[in-house]
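1. When you get a sec, could you give me coordinates for this:
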Amino acid sequence: MKTPFRKLLIANRGEIAVRIIRACQELNLPVALAASEADMNSPAARLADEVICVGPGPASESYLRQDKIVAAGREVGADAIHPGYGFLSENADFAEASEEAGITFVGPPSSVIRLLGDKIRAKNLMAESGVPVMPGYTGENQADDHLLLEAENIGMPVLIKASAGGGGRGMRVVREIDQFLPELAEARREAVAAFGDARVLLEKYVERSRHIEVQIFGDSHGNVVHLFERECSIQRRHQKIIEESPSPVLTPEVRQQITSAAVTAGRAAGYQNAGTVEFLFDESLSGDHKFYFLEVNTRLQVEHPVTEMLTGIDLVKLQLKVASGEPIGLEQSQIGATGHALEVRIYAEDPARQFLPSIGDLACWVEPQGPWIRVDSGIKAGGEVSPYYDPMLAKLIVRGENRSDTIHRMISALKQFHVLGVTTNIGYLLDIVSDEVFQSGQISTQFLAERFADWKNPTEPPVEVLIAAALASMERTATPSRGAKSPTKSTDNPWSDASGWRLLAGTKS
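-> Numbering: from 1, shown residues only. Take a look at the predicted model:
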């Protein structure tokens with residue numbers, strides 16, 4: 001596969017920037033990286049052909065400044081911009097600014113992002129197109145008293161959702177009607193602060209549901225296909241931390257229904273490039289309507305490697321192909337999926353302390369190895385975990401012949417993943433995938449709240465890892481830099497201590 005682009009600007013960081021760079025290297029496509037001052041020496045920066053600084057460390061002064069990103073694209077001569085995920089990836093204004101600058105935005109057209117980013121308009125469009133939607137209210141009357149009346153008609157519990165929301169912001173579950181107005185006020189405040197839009201919609205809230213999404217791809221020639229589903233029910237605070245495919249709950253008949261509904265949704269929106277149609281799945285329901293449309297994520301997903309592992313299709317390369325104006329080139333019958341894949345997200349955070357982010361230098365970073373293992377990371381030993389960005393460090397993906405085989409491989413891989421210098425959620429993830437309920441597949445979006453609310457970390461790093469970290473630290477501090485006459489003194493390195501300390505001092509031989 002060749003691409004007509006001359007140069008791609010990546011407007012992102014970390015593991016997704018590394019992931020995109022590697023795809024471009026295989027296509028022989030030059031890459032420029034837009035990086036903050038904090039990321040100028042990151043693994044992604046070292047891999048890129050060119051790096052341009054777009055501002056200080058805080059994202060609000062760099063990665064979220066669309067004027068700086070577009071200007072950087074012009075300066076390096078890029079004719080395409082890949083936004084990755086997060087930051088500006090679903091920002092219709094940024095996509096439009098890129099288009100106006102003559103730079104191809106690797107994603108849906110700005111008009112499609114704008115349409116699907118408005119949850120009220122999107123849900124109404126889906127209902128008109130025959131896609132099952134959750135009962136609720138998506139009307140224009142946003143007066144508090146009217147919304148209260150609609151909530152009473154829907155019946156408790158009710159979910160309040162920001163129309164322009166995402167990532168759980170502007171979202172509130174109301175179980176008692178007398179709490180509706182206070183929760184509505186909080187949801188509006190969050191929505192305005194995060195999205196500048198106070199509008200909300202209401203939906204009937206299902207206490208024990210599953211979160212299932214379908215990967216779709218569309219092109220400018222009117223083709224829309226799906227690449228099967230991913231189960232994303234293991235979530236904390238509405239954020240996914242474990243994803244897998246195929247979903248252990250879908251029968252072949254329901255899989256056909258939900259993937260067909262996703263393709264219908266894509267066609268209704270005139271969708272182009274990579275996207276994900278998200279559904280709420282309720283096992284307690286009978287008949288054809290076990291699932292309901294939630295939203296469309298108009299970008300590449302964090303969990304896209306799960307789909308790649310099963311289908312053998314490189315989604316980033318396909319994004320670039322479609323962005324260049326070419327058709328997808330695959331009929332639905334040509335897309336298959338074999339085996340089972342599972343992804344976990346490695347975060348620098350402490351699950352035992354309310355997921356408090358952890359920052360600092362990585363003294364040790366040891367990734368698991370194996371033919372059935374994939375690690376997408378954007379950091380190495382000696383690197384810094386800064387306070388400016390999302391604390392996700394890497395994604396660990398494994399593949400097996402079936403779900404049981406894949407889970408056991410994931411357990412083995414997590415035991416081989418060692419990080420020192422910051423606290424991570426590796427032990428937490430290991431306990432989750434080892435849990436008998438998780439292994440049975442009888443999960444829901446309430447799984448973590450029900451089974452891991454009081455989780456404590458019972459493990460300490462293996463002594464081998466501590467020794468490896470100590471040796472690595474000593475090597476970094478004791479080895480002189482090129483051209484230096486002597487090692488740099490470090491109080492962390494006993495070999496450079498000049499205080500009179502001696503090895504085995506005071507011992508008898």
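2. contacts, neighbours, all on C-alpha from now
-> Noted.
3. Tell me the spatial nearest neighbour of the residue most central in space within the chain, not counting adjacent residues.
-> Centroid-nearest residue in the chain: residue 302, 3.0 Å away (criterion: CA atoms, centre = their mean). Spatial nearest neighbour of residue 302, excluding adjacent residues (CA to CA, 6 or more residues apart in numbering): residue 85 at 7.0 Å.
4. Where does pLDDT dip in this structure?
-> Within the chain, the set of residues satisfying pLDDT under 70 comprises 1-2, 167, 285-289, 459-509.
5. re earlier: relative to residue 232, how far out is the residue nearest to the centre of the chain?
-> 11 Å (CA to CA, to the nearest Å).
6. ditto for residue 32
-> Here residue 32 is placed at a distance of 33 Å from residue 232 (CA to CA).
7. Return the longest helix in this protein, judged by number of residues.
-> Secondary structure assigned by DSSP state H gives helix 252-269 as the longest helix of the chain.
8. all strands for the stretch 151-300 of the chain, in order.
-> 158-166, 169-174, 200-204, 210-218, 224-236, 239-245, 273-281, 291-297 (DSSP state E, counting those that start in this stretch).
9. closest to residue 126 out of these?
-> Among these, strand 291-297 comes nearest to residue 126, with 7.7 Å by CA to CA.
10. Show me the contact partners of the helix or strand following that closest one.
-> Sequence-wise, the next helix or strand downstream of strand 291-297 (DSSP states H and E) is helix 304-311. Helix 304-311 is touched from outside by 215, 227-228, 230, 243-245, 313-315, 335-343, 397, 399, with contacts defined as CA atoms under 8 Å, 6 or more residues apart in numbering.
11. Run the angle between helix 304-311 and strand 224-236 for me.
-> Computed by axes from the mean of the first three to the mean of the last three CA atoms, to 10 degrees, the angle separating helix 304-311 from strand 224-236 equals 130 degrees.
12. chain center to helix 304-311: distance?
-> Mean-position distance between helix 304-311 and its chain equals 14 Å (CA atoms, centre = their mean, to the nearest Å).
13. Kindly calculate the angle that it makes with strand 210-218.
-> Going by the same axes, to 10 degrees, helix 304-311 makes 70 degrees with strand 210-218.
14. So what touches the next helix-or-strand element following helix 304-311?
-> Next helix or strand after helix 304-311 toward the C-terminus (DSSP H and E): helix 315-323. Applying CA under 8 Å, 6+ apart, the contact partners of helix 315-323 are 3, 20, 23-24, 104-107, 218-220, 272-274, 304, 308, 327-328.
15. so who does residue 202 touch?
-> Neighbours of residue 202 in contact, by CA under 8 Å, 6+ apart: 136, 137, 138, 151, 158, 159, 160, 161.
16. try 6 Å
-> 136, 137, 159, 160 (CA atoms under 6 Å, 6 or more residues apart in numbering).
17. Repeat that for residue 106.
-> For residue 106, the contact set (CA under 6 Å, 6+ apart) comprises 81, 82, 323.
18. could you redo these as CSV and give each row distance to residue 444 and neighbour count?
-> Converted to CSV, the contacts of residue 106 look like this (distance: CA to CA, whole Å; neighbours: other CA atoms under 10 Å):
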residue, distance to residue 444, neighbour count
81, 37, 28
82, 33, 25
323, 36, 27
